Structures are given as C-alpha cells and as structure tokens.
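Provided below are the primary sequence and the corresponding predicted coordinates.
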Amino acid sequence: MSDDEKTRRISTRKSSDTNTEIDATVAYPGLKDPTSPLPTKGRDDAAQTRDEDYTKINRPTKSSSPATVAAGVTQSPADEFNNVEPVVGWLVVIDGPGKGQAIKLGFGMNNIGRSSQARAALDFGDEEISRQDHASVTYDPKGNKFYLQHGGGINLTYVGDSPVLQPVELKGREHILIGNTKLMFVPFCGPEFVW
C-alpha cells in the first residue's frame with residue numbers, strides 16, 4: 001500500500017520527560033475515517049489515554065466563514081441564533097411527498113426547488129419539481145405583500161386550477177400545486193404584523 005492510500009492522523013501532545021509539545025504523525029493502512037477511534041492493538045491503556053487527552057478535532061460550523069475559521073474564531077450558539085433571518089411565512093405540504101412538512105419563507109425571493117440549494121427546498125422525493133427554480137414566492141417588505149411566480153422549469157405551477165404565467169399576489173391560504181405536491185401558503189407578515 002502506498003503512502004497516498006494511508007490515512008494519517010496528526011496530533012500534538014506533550015512529551016512526558018521534556019514537557020514540550022511534539023507533533024506525532026501516525027499512518028494506519030486501511031483506516032477510512034480519520035475521525036474514527038485509533039486501533040488499540042498492542043498499546044497500553046496509559047499510552048492511549050495520554051494520546052486522547054491531547055488530540056483535538058476542529059470542525060467549522062455551517063455559518064463559519066473561511067476567514068473566521070482560518071483565524072480560529074468560532075461563533076457561540078447565541079451568535080448563530082442572532083444571524084437567523086426572521087420568518088415571513090410558510091409553505092405547508094398538504095398532499096404528496098412530504099405531507100405535513102412546512103418550509104420557512106424569508107424576506108425577498110424564495111426560490112422553490114427540490115435541490116438542497118433552493119431557499120425553499122421541497123426535497124421530499126417529487127421528481128416532477130425542478131431542482132432549483134421551479135417557482136418562487138417573493139415577500140416585498142415595503143409593500144408588505146407576497147407574490148408567486150413561475151421560475152422557468154418545464155412543469156407549470158398552479159394556484160387553485162389556474163397556471164401561474166405571470167406574478168400572482170398571494171393573500172393567504174391559497175393552494176399551490178408544484179409537480180405532484182400540493183402546498184398551502186400561510187403568511188406570517190401581513191396587516192397585523194411586520195418585522
């Protein structure tokens with residue numbers, strides 16, 4: 001097995017006799033996951049405990065930017081909570097794959113698709129929904145109104161029994177058909193409340 005095919009685990013630990021830090025690189029042939037426990041065959045418990053005390057794995061969170069990760073800065077749960085955008089409404093799946101699930105809508109355009117990259121992801125297994133831009137629900141904060149428009153996918157989007165060929169204003173409780181999935185639009189922002 002070549003060196004390229006071996007998984008390497010690097011840890012920093014203090015040498016017991018000199019109290020200085022040393023880098024130890026250990027190669028394990030066939031170890032697929034570097035985060036899995038190290039093989040312990042032939043090692044005494046004291047040596048294994050010393051290694052584990054000084055081995056650290058740092059994983060960035062989804063919201064961490066490359067600059068903050070490089071600088072070693074991590075966000076606290078309170079910071080992540082403060083960066084969450086407020087909800088303005090929901091699309092609730094009332095029939096089809098994903099029945100009973102709700103998709104949060106935010107300010108501006110919420111593109112609907114089955115890709116995880118879509119802002120309003122309907123990834124419940126309906127292959128009739130376009131991956132990225134099947135349709136979009138837009139919240140206009142200045143006018144405090146919602147609009148539904150076709151996003152360019154081959155399959156049409158319907159409000160009730162009518163196809164959406166140009167932007168349609170949504171008032172609330174409309175039934176929207178996208179592929180084989182029936183949604184109900186539920187606004188949160190409106191005449192009674194605005195963020």
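Structure's in. What do you need?

okay, CA-based contacts and neighbour counts for the rest of this
Will do.

residue ranges with poor pLDDT in the protein?
Along the chain, segments meeting pLDDT under 70 span 1-83.

tell me where it has helices.
All helices of the chain, identified by DSSP state H, fall at 45-54, 66-70, 77-82.

check contacts around the closest residue in space to Pro191 that isn't next to it in sequence.
Closest residue in space to Pro191, ignoring its immediate chain neighbours: Asn144 at 7.8 Å, by CA to CA, 6 or more residues apart in numbering. Asn144 is in contact with 189-191, 194, counting by CA atoms under 8 Å, 6 or more residues apart in numbering.

repeat that with 10 Å
Taking CA atoms under 10 Å, 6 or more residues apart in numbering as the criterion, Asn144 is in contact with 88, 189-191, 193-195.

may I have the phi/psi pair for it?
For Asn144, the backbone dihedrals (degrees, to the nearest 10) come out as phi 50, psi 50.

tell me the domain boundaries of this structure?
3-58, 89-187 (automatic domain parsing).

end to end, how far does the longest one reach?
This means domain 89-187. 4 Å (CA to CA, to the nearest Å).

which residues in this structure form strands?
Using DSSP state E, the strands of the chain run over 6-14, 21-29, 89-95, 102-105, 108-113, 120-121, 135-140, 145-150, 157-159, 162-163, 168-170, 175-178, 181-187.

can you say which of those strands is nearest to Glu128?
Proximity to Glu128, assessed across the strands of the chain by CA to CA, is greatest for strand 175-178 (7.8 Å).

the closest one pairs with which strands?
strand 157-159 (antiparallel), strand 181-187 (antiparallel) (DSSP bridges).

of those strands, which is nearest Gly151?
For the strands paired with strand 175-178, proximity to Gly151 was assessed by CA to CA; strand 157-159 is nearest, at 8.8 Å.

residues making contact with that closest one?
129, 134-136, 148-151, 163-165, 168, 170, 174-179, 182-184.

cutoff 7 Å now
By CA atoms under 7 Å, 6 or more residues apart in numbering, the list of residues contacting strand 157-159 from outside reads 135, 150, 163-164, 174-178.

what distance do you get for the closest residue to Tyr139 other than its chain neighbours to Gly96?
Leaving aside its sequence neighbours, Tyr139 sits nearest to Phe146 (CA to CA, 6+ apart; 4.6 Å). Relative to Gly96, Phe146 is positioned 24 Å away (CA to CA).

repeat for Lys104
From Lys104 to Gly96 the distance is 18 Å (CA to CA).

show me what counts as buried in stretch 85-95.
88-94 (16 or more other CA atoms under 10 Å).

what sits against Asn116?
Just so we're on the same page, residue 116 is Ser rather than Asn. By CA under 7 Å, 6+ apart, the residues touching Ser116 are Asp123.

typo on my end, Glu128
179-180.

so what's the backbone phi/psi at it?
Torsion angles, degrees, to the nearest 10, at Glu128: phi -80, psi -10.

distance between the ends of stretch 129-147?
19 Å.

list phi and psi for Asp161.
In terms of degrees, to the nearest 10, the main-chain angles of Asp161 are phi -100, psi 0.
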